[in-house]
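[1] sequence plus predicted model, see below.
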Amino acid sequence: PLKCPYCSNPLQLRRYRDELDTGTWKRVLTEAAGLGVVQVHFSGGEPLVRRDLAELVQQARKLDLYSNLSTGATLADDAALARLRDAGLDALQISLLDARPAENDWLAGAVSFDKKRRAVERAKRLEFPVTLNVVLHRHNLNHLEEIIDLARRWRADKLELAHVQYTGWAFRNRAALMPTRAQVEHAAEVVAQARQA
């Protein structure tokens, strides 16, 4: 549902239209647990577009796998989150593109900032541990103090600051995304100060 310029989706999405079906994913989860895997991270794209997501989470719970969902949160309404909680989801990671609503929406290619805020509120009401994930690049790195402050105000349990992984769309857009050395050095100082606070 979002069009982030750093998304790791392949450039030719039509070549990847055949998703694994529910039965195959259940088998994969069972085999992974049998091999000693202890955690599953449901991500995407957007995993909430899968109609069988709660069923896959339930399978992970049955196998005693710790499960985490990474979402853009635009589809994370009360009903979807309650289904996932009831299925046994352990934690939620919500992506945020910027602490500033207009910049977040510009980067997302869709109005999404308020949807993300409401998803965090819903998740907290359902007592999910919430990680706020922010992919850092040239366009939001100068807002790092605001991002940290927003994570505190939204009562996120964790804030994950990640650099762009230059694959897929991000590789195509790398010249526009790559931060300057000065931005990276300043960001390191900001994070060091925030850790001491």
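    That came through fine.

[2] where does residue 18 land on pLDDT?
    pLDDT, residue 18: 74.

[3] where along the chain do the helices fall?
    22-34, 53-62, 78-87, 101-108, 113-125, 144-153, 168-172, 174-177, 181-196 (DSSP state H).

[4] what residues of the lowest-mean-pLDDT helix or strand in the chain count as buried?
    Using mean pLDDT, DSSP states H and E, helix 168-172 stands out as the lowest-scoring helix or strand of the chain, at a mean of 83. Of the residues in helix 168-172, 168, 169, 170 count as buried by neighbour count, 16 or more other C-beta atoms under 10 Å. Every residue, glycine included, has its C-beta placed from N, CA and C.

[5] now the second one: closest residue in space, sequence neighbours ignored.
    In this structure, residue 169 finds its nearest non-sequential neighbour in residue 7, 4.8 Å apart by C-beta to C-beta, 6 or more residues apart in numbering.

[6] before we move on, back to that, of the buried residues of helix 168-172, which is the nearest to residue 184?
    Using C-beta to C-beta, residue 170 is the member of the buried residues of helix 168-172 that lies nearest residue 184, at 16.6 Å.
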